[in-house]
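In: Whatever this is, show me its structure:
(chains A and B)
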Amino acid sequence: MENLAALAAGFAVALTPSNLVLMLVGVLLGVVIGVLPGLGGANGIAILLPLTFSMEPVSAIIMLSCIYWGALFGGAITSILFNIPGEPWSVATTFDGYPMAQKGRAAEALVAAFTSSFFGAFVAIVMITAIAPLVARFALRFGPPEFFAVMFLSFAAFVGQGRGSAWKTIAAMMAGFLLACVGLDTVTGLLRLTFGSMELMRGFDFLVAVIGLFGISEVLIAVEEGLKFEGAKARIDSGVVFRVWKELPRYAAIALRSSFIGCWMGVTPAGATPASFMSYGMARKLSKDGAAFGTGRIEGVVAPEVANNAAGVSALLPMLALGVPGSPTAAVLLGGLIMWGLQPGPMLFVEQKDFVWGLIASMYLGNVAAFLVVLTLVPLFAAILRIPFAIIAPLILIACAIGAYTVNNAMFDVVLMLVFGLVGYVMKKLDYPLAPMVLALVLGNRTEQAFRQSLLLSEGSLAVFFHGWLSGIIMTAGLVLLLWPLIGRLAAVVRARMA
Amino acid sequence: MSEVPRGLRARPVEIATALAFAALGGLAMFDSARIGFGWGFDGPQSGTFPYWVGGLLMLASGAVLAGAVLRRTRAMFATNEQLASVARVFIPAAVYVAAMHLVGLYVASAGLLAWFMIRLGGYPWLVSIASGIAAAVVVFVVFELWFLVSLPKGPLEELLGY
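Out: I've put the predicted structure just below:
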């Protein structure tokens, strides 16, 4: 009940006219960002973050998080109409969404996708409202060893749950940690890894890295694939909406299951993309006629869309309650908190009640706004994709350059952005995951700080992480996750011997 | 087998990337050793964390390297055609960033948009250049006048009194 009172206060914060306008602006921008290849939630927010420095933190986070919701919704539009996933987490939506569009059922697919997205997001927001304060209260007891253990668990989850090579995940992650170390060590005042360069003294700003790694590289990948947009047309009228809504309750079981998968994968940093694949796979496996999936089944749209929005939203839970973001976009938002002068972590729920609950209330409102916006404005957003690449690509490049420059008003950052773009392109082509690298870059300093403080407590003994029962449990869980690929392989060998 | 497209194979790129990561790890260990990675009088020294992170990076990239060297595949990194289209975007982008140092962001952006429209879009010169200038003016109004964010400027803006 205490939560409900806090939430009501949050609504009072979020429901001011200026915040409502920002919400709408954020959602509209977000859908556009989600529709355009080369601009995604993470780098779209990274580009706009410097413009919010002078805003109230609550208003700033409301606008930026609404961009995120918009992008989560917008990804489905291009997947269904053009067979081009605007965001990686919408790839699974193309499997059945595009065939539906080809059969002339684009409007139905879109309504199903939007409604499912809304459902997934809503479940996740309710979960955040109920659980985040408890997690935060629990985490107030955390000391440095526990915080390090939580970080360790998050990063270990990337290795254990990643789909590619575990070594590549570790390499990308360590590269991110090293980038975070560059510059002035605030504890001892020594310069690290700068090799005498003045430009490197400031260190690498993760916003610049995000814009390069996710923005520039995405444009390069897009041209390589030779983008040709030949899409289906769609108009959504109220008749279609009500027909689909009448049909959807039949898939309630799928939707519930997918939202659990989404919430779980979103809280652990596995993220929205694997969540959407997993719930699509589950829906196909458990369906009576799974073979018909991929030919334009409406369940095939519902499952991934519920899961990816649930995961995308619940990625904010660990970010708010623990200060450990669950996705690259949540990481960028966390970077925003630090820039606005807020200290991320469990104390946020104690010291910044207005901020936290204003944000949570805005999640409810923002997702309703996003839902209505996409339902009514689909033709407009689809038209954006018909703008030729020769015009869109340079505009995205210009937006990225402005974003990178405004972070620190430094020309060097624009050059860095370009370098990160090329690095990101090569890494993507070789299946190095970018998300752990960005998260390591964002969390590097705080991970190191927790590590140092823990060692200070124990005077240098690594056993400190297993002294407390809490950190011990979290560390053990982390180790199990870390070694999961190895355990899986061993089990397979044993099973092969037995057979 | 004349159908096989020519291009860059994945294996050499894989090996080069792993070597680059390993070198980065080695560099970090070297620099951390310089500032100390042991136990100082006030706790772990500055180099401790990057030293071990660098070590893990070398270990991981070593494993990737071994895998790439041992596994012979003919998989493609990108065909020549794909590399050419990437270059058609990346080279103008690099020139754009370089030009920004000289003429400022606005003129460079106008040039970038015009170049793309003429070379990749096949639009008439006049339309392309006009679009470039229009885009630069819009950016100027939004950032310089609305948001009061100052972006890099060059001689032209100086001439106009900014």
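
In: Please name the nearest non-neighbouring residue to A:Asn309.
Out: For A:Asn309, ignoring the flanking residues on the chain, the nearest one in space by C-beta to C-beta, 6 or more residues apart in numbering or on different chains is A:Gly120 at 3.8 Å. Where C-beta positions appear, they are placed from N, C-alpha and C, glycine not excepted.

In: Can you name the residues that contact the one you found?
Out: Shown in contact with A:Gly120 (C-beta atoms under 8 Å, 6 or more residues apart in numbering or on different chains): A:Ala255, A:Ser258, A:Ser259, A:Gly262, A:Glu305, A:Val306, A:Ala307, A:Asn308, A:Asn309, A:Ala310, A:Ala311, A:Val313.

In: Show me how chain B divides into domains.
Out: B:7-74, B:86-159 (automatic domain parsing).

In: The longest one near chain A anywhere?
Out: Translated: domain B:86-159. Yes - judged by C-beta under 8 Å from any C-beta of the partner chain, domain B:86-159 and chain A are in contact via B:86, B:88-90, B:92-94, B:96-97, B:100-101, B:105, B:109, B:112-113, B:115-117, B:119-123, B:131, B:135, B:139, B:143, B:147, B:149-152.

In: May I see the buried residues of stretch A:303-311?
Out: Neighbour-count burial for stretch A:303-311, counted by 16 or more other C-beta atoms under 10 Å in any protein chain shown, picks out A:Ala303, A:Pro304, A:Glu305, A:Val306, A:Ala307, A:Asn308, A:Asn309, A:Ala310, A:Ala311.

In: thought the fifth one was touching A:Ser276?
Out: It stands for A:Ala307. Yes - shown here, A:Ala307 and A:Ser276 form a contact pair, counting by C-beta atoms under 8 Å, at 4.9 Å.

In: which residues do those two both contact?
Out: A:Gly262.

In: Pick out whichever of the contacts of A:Gly120 sits closest to A:Ala60.
Out: A:Val313 (18.6 Å; C-beta to C-beta).

In: what's the burial count for that closest one?
Out: 33 (other C-beta atoms under 10 Å in any protein chain shown).

In: do the one 10 residues further on as well
Out: Using other C-beta under 10 Å, A:Gly323 has 23 other residues around it.

In: next one: A:Phe119
Out: 23.

In: Over to B:Phe41?
Out: Neighbours of B:Phe41 (other C-beta under 10 Å): 5.

In: do you know how far it is from chain A?
Out: 11 Å (C-beta to the nearest C-beta, to the nearest Å).

In: residues of the helix or strand harbouring A:Ser454 that come out buried?
Out: Take DSSP states H and E as the rule and A:Ser454 turns out to sit in helix A:435-458. By neighbour count on 16+ other C-beta under 10 Å, the buried set for helix A:435-458 is A:435-455.

In: you'd agree A:Met363 is up against A:Val126?
Out: No - using C-beta under 8 Å, A:Met363 is not in contact with A:Val126; the gap is 9.9 Å.

In: how deep is the residue in chain A positioned nearest to chain B tucked in, by neighbour count?
Out: For chain A and chain B, the shortest gap (C-beta to the nearest C-beta) falls at A:Ala390, measuring 3.0 Å. A:Ala390 has 18 neighbouring residues, counting by other C-beta under 10 Å.

In: and what of B:Lys153?
Out: Neighbour count of B:Lys153, defined by other C-beta under 10 Å: 17.

In: Next, it: phi, psi?
Out: phi -120, psi 160 (degrees, to the nearest 10).

In: so can I have a markdown table of the buried residues of stretch A:303-311 showing distance to A:Met339?
Out: As requested, the buried residues of stretch A:303-311 are exported to a markdown table (distance: C-beta to C-beta, whole Å):
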| residue | distance to A:Met339 |
| --- | --- |
| A:Ala303 | 37 |
| A:Pro304 | 33 |
| A:Glu305 | 32 |
| A:Val306 | 33 |
| A:Ala307 | 31 |
| A:Asn308 | 28 |
| A:Asn309 | 27 |
| A:Ala310 | 28 |
| A:Ala311 | 25 |
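
In: Now, these that are in helices?
Out: A:Ala303, A:Pro304, A:Glu305, A:Val306, A:Ala307, A:Asn308, A:Asn309, A:Ala310, A:Ala311 (DSSP state H).

In: by contact count, what packs against the helix holding A:Ser454?
Out: helix A:144-161, helix A:166-181, helix A:206-210, helix A:328-339, strand B:43-44, helix B:48-70 (3 or more C-beta pairs under 8 Å, 6 or more residues apart in numbering or on different chains; DSSP states H and E).

In: angle of it against helix A:328-339?
Out: Calculated by axes from the mean of the first three to the mean of the last three C-alpha atoms, to 10 degrees, helix A:435-458 forms an angle of 50 degrees with helix A:328-339.

In: how close does the residue with the largest distance to the centre of chain B get to A:Thr188?
Out: The C-alpha centroid of chain B is most remote from B:Phe41, which lies 41.1 Å away (C-alpha atoms, centre = their mean). Per C-beta to C-beta, to the nearest Å, B:Phe41 is found 11 Å from A:Thr188.
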